[in-house]
Structure formats: structure tokens, C-alpha cells
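Colleague: Fold the following, please.
(chains A and B)
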2 protein chains.
Amino acid sequence: MIKTPYLLFLGDAPDPLAAKVAQGIKDWRPENCVGQFRMEGCNADMGLPDMTLTEALEAGAKTLVIGVANRGGVISQAWKKVLVQALEEGLDLASGLHNLLRDEEDLAAVAKACGRELHDVRVPEVDYPIANGKKRSGKRVLAVGTDCSVGKMYTALALDKAMREKGMKSTFRATGQTGILITGDGVPLDAVVADFMAGSVEWLTPDNDDDHWDIIEGQGSLFHVSYSGVTMALVHGGAPDALILSHEPTRAHMRGLPDYELPTLEALRDTALPLARVANPACQVVGVSINTQHMSEDEANAYCAEVEAKLGLPTVDPFRHGADRLAEALAAL
Amino acid sequence: MIKTPYLLFLGDAPDPLAAKVAQGIKDWRPENCVGQFRMEGCNADMGLPDMTLTEALEAGAKTLVIGVANRGGVISQAWKKVLVQALEEGLDLASGLHNLLRDEEDLAAVAKACGRELHDVRVPEVDYPIANGKKRSGKRVLAVGTDCSVGKMYTALALDKAMREKGMKSTFRATGQTGILITGDGVPLDAVVADFMAGSVEWLTPDNDDDHWDIIEGQGSLFHVSYSGVTMALVHGGAPDALILSHEPTRAHMRGLPDYELPTLEALRDTALPLARVANPACQVVGVSINTQHMSEDEANAYCAEVEAKLGLPTVDPFRHGADRLAEALAAL
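Modeller: The predicted structure is shown next:
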């Protein structure tokens, strides 16, 4: 568990896209951010107060979160200076970078000497159990996609927000690096050893109040041959009561697989629902989320209306339309 | 890759069942075994020549394979004496034990000093790629089960034997500890990190002659919530041309999951085949293997005939009937 609130490290981000992790934290958990730390040449801005390390500590910051991608997979000396100083002054560090903080000898040594924590959220830090398949109390919803990277995390976070605004009890359960940094907790599922995948998802979504919803962040796709095993572990370990189908209509082929077509939403429904019912016979498909970022407003609305008519399910782009109708569908279940 | 041939270490096996790994090697790859090494109190016997380490080396042995389970998860001092001497005299060691050879300081030190290899087949030793989903040449068959431990490995090994006897080109591709020790090579799939599962199966079953069959050892079950993700990775990474359905008819519930019923063979067919066709649209279900060990001869034959009539597929217990009819079904494909 990463201690909040955060100071967001934007470093020398060449453009806003490089700081998309920081943007995600700022968008979804603004209450977790006391400020931002920018270096010379930084071209990203979260609209948060610029702070020195000392100012951030005075404002209550507990962790410096690296919210920016590094260039060429190297943690530069310019970054190092800030990171070492942050440890020395009293902040933990958290990162989703491919190269790990713990593998940097200087950072590891300073963290140890100062009693600070280094969180590499790509690396599991828990000995997860093997899944036992036992029924848990509380409710769970999972977004499953026709492909990878179609907006499942965005859908889950938007749904969590909409449910909280309605006074429903919900928790976003992160299963990827960005999600873990946003919430400070979760399971880096793609890095878990095969035998323990489903068990890690059970661990992540334990017994809860009967009217509480875990909103489980989806990964991969049952139709994506590289990652379908990870998705399957979410479907069976999560034992969802509700599924949301996620799709990006303009994609020409499965991500990274030029020879694979995307399945239809109907095929996704007919594949995912029977599999989910193995773990939870009461599971229902409750809605559809469409990522319309490459469509005009008119195209997007027409497409959603068409899907809604065909599948008979509330269909929204959570970015354009919000996730209220998906939250209502869950409330009605 | 474990160097063959082997000297099979039976240790102080309290009964034959404790030496089932050795039995598997002896049954399926007798040509890999020069002899057996038994200690005082050993109650297992593979019917191989009893040899000292020196005799085994003279007979050409390259590796001492631990073919017996240890008691209480501890490698005893009595075993250690033999294992250290084996390393010193010139044998590698191979083991599928939960506690690893490499974690025993004395064994690790002697192996290093003597330039010998320690093979812990539960631990992946390759950096597997992420699956790319590309079509490979050659053919592949995979057994999928209604449950775990219904005889998928046995089916695969029996099929491999039947195909070789018919002069077909085939290779058994091990995905579990016992299979890896039997053949000397393979992928310990349940220990592979999630993102690389399907890629490890692609790696295990590369391009081959057009008339060559990889017989991929199955794991878990699409209906077993603890391990279904591993099975999914086999279905998509293996991209099989043919599936064999495996079942154990007397089981009361899914293994380790008292609240879960086994699916029917029809449900298994209707779930596995569409998923397999995502990776290989030409995939067919070609036969059924039934584990009838808890049935009488009459019951077993009646059950197989009934399944054969219902599913319209050759149905055998490979242990009772051999796997010839499954091999013929593949040859006819």
C-alpha cells in the first residue's frame, strides 16, 4: 500500500502524453495530490501547485510518485538528484517504470539508510494464494473488452465516480500499474505467476457489505491470444455479478496482432457470460461502454444508439456521456 | 535441457506411489534410463538394473533424476550424501521437488565447484516472449479436460507413442514438472509470469514439418476457476489444429472445489472449440479420452460407447484401449 497524499513528479516530461500516469492520478484522485514537481524543460502541467520537496512535505505529502515516462528506459542523473533528496527529506517513492527503483543501487542504499519505502508497482509484493472459488459477500463488476486497451480502466474509474456520486458503496480495484498508482493499492496482475493469478484477484476483492460493489479493472481480452489467460483469471477469480462489454469501433485489427480481427460485441457477450457463470451463475451483462475518441459527436451518438438497440443494453461512452447509466444498471440489479 | 540418459534416484521411497515420477520416466522413456539407485528401506522398484553411481557413469548416465517425493519437504542428510557424491563423480541433478536443489547451499556449492548443472524443473529458466499469434507450420494437438488431473498428460504420452508406432512424426511437449522430467525439456507453465504464458507455449511449439504433430501437454481446465487462465494460454498459445476432450466420469466435484460441478463433455466442446478457433480457425475436436480407472471393464466399455454415440467422436481410455484410434483421427485430419 502506497502512502497518500502524493507529490506528483513530472520531471522533464517532453510533452503532456509522457505524463499520462500523473494525469490519471490528478483526474481520478485529485484528493491524493498535494502538488506537482517539475524540472527544467518540463512541458506537462497538471494544474496543481508547483512545490519544492520541502513545501510538499509541509503540505502533508507522504510519497513522491513518478508520473512520467523516462526516456530510453534510463533513470537520468537529473532525476536521481531529486529522487535521492526526496528520500532524504522524508518521502517514499513509487514508480511504474519498467526499470525498477530497487535495482538502482544509489536509490536502494539511500532508502535503506533513511527508512523509506520504494514501491515498484510492476512487481507483486504479496504471496498470493491459489484461488479457492468460494462465494464472497458483496458484489463485483468487471469490464471485458473486444480487445486490449479499449477503455476498460477508464470505464471502471468513471463507474466508480458515478456510483460514489449516487451514494452507492464502491471500490475501484486496480489490476495494472497505472490503476495501482492512482489508488495506491492493487495487484499487478500481468506480473503474477500463472498458478496464482485467479487467487490474486480473489485476494483483491474480498468479502464486503452486501450492497458494496468492487469495480475490478479489466486486463487484456478473451479474444487477444497474447493475454487471454490473464483475462480468464479475472473472469474466474473476480466471479463478477455483472459484466460490462467494452469496445473501440474504429480499430482495424487486434492490438499488436495484424492478422486478427476484433470480435463483435455479440461474440464477446456470448463468450464471456457463460465463462463468468462458471464462477457466478447469477452473472449478468448489464451494459456496454464504447470508446468513441476517434469519432465525431454525431457518429459517436449514432453508434451508441445502434449498439443499444441491437444488444438491448445501456450503451455509453463514459468519457462523452459519463457512466451514470451504467451505475443505474448496477443499482437495478 | 536436461542431459540424458538418466540414473533414476528412488531414494528411500516408502511405497511405489512415492516414486511415480520415476515410474513415468520408465514407462514413457525407457530409453532414457540406464538404471535405478535405491537406498536402504526403498520400497519402490522400476525393474531397472540397480547401479552404483560409478556403474551408472560407466553405462553413460549424464543426470541423476530425483524420481521420488521427499518426506515433509526436506532433502534429508541421507539423500544429500548421494546427491553430493553424484555431482562430484560427474552427474548433473534434476528435480521437480517443491524445495529447490539450488536453495540447498551445499548442493549449490558442490555443483559450482564441479561444473555440474542443477535442474529445478519447477522454475522457468528461459525469458519467454509475449505471444505474437503468428501462424506456425506443422500441426498441434491439445487435450482439454472437464477438470484438472483427469488424464491429459497420460493421453498425450499415449498418443505420442501410438503415433510413433504408426510412423507419424510427433513430439510430446511437456508443460508440467513430471512431463519435463520424462522428456528432459519443456515449459513449467504454472510457474510462468502471466504476461508470458501464451508466449511460452508458442516458444515450446515452434515451426515444424507440415506433417509433424506437437502433442501439447494440457494443464488445468477452462472450467476450473483456480487454473483456467493457464488452460486459456495453452488454447491460444498452442493454437491447436485438433482438440481431444478428457474426462473422469466418477468425480463428484471439481478437484479442490467442493461447490463446483464438472461440466458435461458437450459443454467442454462448445466452450473450448470457439476459443481455440480464435487462434486457429481450422481447429477441430477429433476425439475423447476417458479415465476409467475407477470403473469395471464392462462399465468402462459401456461408458465409452455411450459417449462415442452421443458426441460422434472416437472415444477411448488410452490406458485400457491404447490411443490408436485417436492417432488415426489425427492422421485423417
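
Colleague: The most centrally placed residue in chain A - nearest residue in space that isn't next to it in sequence?
Modeller: In chain A, the residue lying closest to the centroid (C-alpha atoms, centre = their mean) is A:G179, at 2.8 Å. With C-beta to C-beta, 6 or more residues apart in numbering or on different chains as the criterion, A:G179 has its nearest non-adjacent residue at 4.8 Å, and that residue is A:E217. Quick note: C-beta positions are derived from backbone N, CA and C, even for glycine.

Colleague: about what we covered before: contact partners for the residue nearest to the centre of chain A?
Modeller: A:G179 is in contact with A:M153, A:A156, A:L157, A:F172, A:G186, A:E217, counting by C-beta atoms under 8 Å, 6 or more residues apart in numbering or on different chains.

Colleague: where along chain A do the strands fall?
Modeller: Under the criterion DSSP state E, chain A contains strands at A:6-11, A:33-38, A:63-66, A:92-95, A:118-120, A:139-145, A:169-173, A:212-216, A:242-247, A:284-290, A:315-316.

Colleague: burial measure for A:E165, as a count.
Modeller: 12 (other C-beta atoms under 10 Å in any protein chain shown).

Colleague: A:D127 too?
Modeller: Using other C-beta under 10 Å, A:D127 has 9 other residues around it.

Colleague: ok, now A:F319?
Modeller: A:F319: 17 neighbours (other C-beta under 10 Å).

Colleague: So for B:A94, which of the strands of chain A sits nearest?
Modeller: When those are compared by C-beta to C-beta, strand A:118-120 sits nearest B:A94, at 33.2 Å.

Colleague: Can you tell me what sits against the closest one?
Modeller: Contacts with strand A:118-120, where a contact means C-beta under 8 Å, 6+ apart, come from A:2, A:63, A:92-97, A:100-102, A:107-108, A:111.

Colleague: Sheet-wise, list the partners of it with their directions.
Modeller: Counting by DSSP bridges, the strands paired with strand A:118-120 are strand A:92-95 (parallel).

Colleague: and A:S289, what does it touch?
Modeller: Shown in contact with A:S289 (C-beta under 8 Å, 6+ apart): A:143, A:151-152, A:155, A:244-247, A:315-318, A:323, A:326.

Colleague: how close does it get to A:G24?
Modeller: According to C-beta to C-beta, to the nearest Å, A:S289 stands 17 Å off from A:G24.

Colleague: Need the pLDDT of A:M232.
Modeller: Predicted confidence (pLDDT) for A:M232: 98.

Colleague: Likewise for A:E125?
Modeller: The model's pLDDT for A:E125 equals 89.

Colleague: next one: A:D211
Modeller: Predicted confidence (pLDDT) for A:D211: 97.

Colleague: again, but for the one 5 residues further on
Modeller: Reading off the confidence values, A:I216 has pLDDT 98.

Colleague: Could you measure from it over to chain B?
Modeller: Relative to chain B, A:I216 is positioned 14 Å away (C-beta to the nearest C-beta, to the nearest Å).

Colleague: wait, doesn't that residue sit right on A:L234?
Modeller: Yes. Applying C-beta atoms under 8 Å as the test, A:I216 and A:L234 come out as touching, 6.4 Å apart.

Colleague: Touching both of those two, which residues are there?
Modeller: A:L142, A:T175, A:V201.

Colleague: now those: which count as buried?
Modeller: By neighbour count, with 16 or more other C-beta atoms under 10 Å in any protein chain shown, the shared contacts of A:I216 and A:L234 hold A:L142, A:T175, A:V201 as buried.

Colleague: Residue numbers of the stretch 201-333 of chain A in contact with chain B?
Modeller: Within the stretch 201-333 of chain A, the positions near chain B by C-beta under 8 Å from any C-beta of the partner chain are A:222-223, A:225-233, A:235-237, A:239, A:254, A:256-257, A:259-260, A:263, A:271, A:274-275, A:278-279.

Colleague: Quick one: mean pLDDT for stretch A:296-311?
Modeller: For stretch A:296-311, the mean per-residue pLDDT is 98.

Colleague: what's the answer for stretch A:172-189, then?
Modeller: Rounded mean pLDDT across stretch A:172-189 is 96.

Colleague: With stretch A:64-82 instead?
Modeller: Rounded to a whole number, the mean pLDDT of stretch A:64-82 is 90.

Colleague: so who does A:H247 touch?
Modeller: A:H247 is in contact with A:G145, A:T146, A:D147, A:V150, A:L262, A:L265, A:L268, A:V288, A:S289, A:I290, A:N291, A:V307, counting by C-beta under 8 Å, 6+ apart.

Colleague: sorry, that was for A:D207
Modeller: A:R136, A:S137, A:G138.

Colleague: Now do the contacts for the first one.
Modeller: Spelled out, it's A:R136. A:R136 touches A:E202, A:T205, A:P206, A:D207, A:N208, A:A239, counting by C-beta under 8 Å, 6+ apart.

Colleague: can you check the second one too?
Modeller: With C-beta under 8 Å, 6+ apart as the criterion, the residues that contact A:S137 are A:D207, A:N208, A:D209, A:D210.

Colleague: Could you do the last one as well?
Modeller: When contacts are counted by C-beta under 8 Å, 6+ apart, A:G138 touches A:T205, A:D207, A:N208, A:D209, A:D210, A:D211, A:H212, A:W213, A:D214.

Colleague: Can you pick out the most distant pair from those?
Modeller: Comparing every pair within the contacts of A:G138 by C-beta to C-beta identifies A:T205 and A:D211 as the most remote, at 15.1 Å.

Colleague: So for these two, which sits in the more crowded spot?
Modeller: Per other C-beta under 10 Å, whichever of A:T205 and A:D211 has more neighbours is A:T205, with 24 against 11.

Colleague: Let me see the ranges of the helices in the stretch 1-150 of chain A.
Modeller: Using DSSP state H, counting those that start in this stretch, the helices assigned to the stretch 1-150 of chain A run over residues A:20-28, A:53-58, A:77-89, A:105-114.

Colleague: what does the second one contact?
Modeller: What it means is helix A:53-58. For helix A:53-58, with C-beta under 8 Å, 6+ apart as the criterion, the contacting residues are A:L7, A:V34, A:G35, A:F37, A:L64, A:V82, A:Q85, A:A86, A:E89, A:G90, A:L91.

Colleague: What subset of these is buried?
Modeller: Taking 16+ other C-beta under 10 Å as the criterion, what is buried in these is A:L7, A:V34, A:G35, A:F37, A:L64, A:V82, A:A86, A:E89, A:L91.

Colleague: With distance to chain B as extra columns, can I get those in a markdown table?
Modeller: Shown next, in a markdown table, are the buried ones among the contacts of helix A:53-58 (distance: C-beta to the nearest C-beta, whole Å):
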| residue | distance to chain B |
| --- | --- |
| A:L7 | 30 |
| A:V34 | 34 |
| A:G35 | 34 |
| A:F37 | 31 |
| A:L64 | 27 |
| A:V82 | 30 |
| A:A86 | 30 |
| A:E89 | 35 |
| A:L91 | 30 |
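
Colleague: how about the residues of the stretch 1-150 of chain A near chain B?
Modeller: So far as C-beta under 8 Å from any C-beta goes, the stretch 1-150 of chain A lies against chain B at A:I130, A:A131, A:N132, A:G133, A:K134, A:K135.

Colleague: What is the burial count for the nearest residue to A:A19 once chain neighbours are set aside?
Modeller: Computed as C-beta to C-beta, 6+ apart, the closest residue to A:A19 that is not its neighbour in sequence is A:A44, at 3.7 Å. By other C-beta under 10 Å, the residues close to A:A44 number 22.
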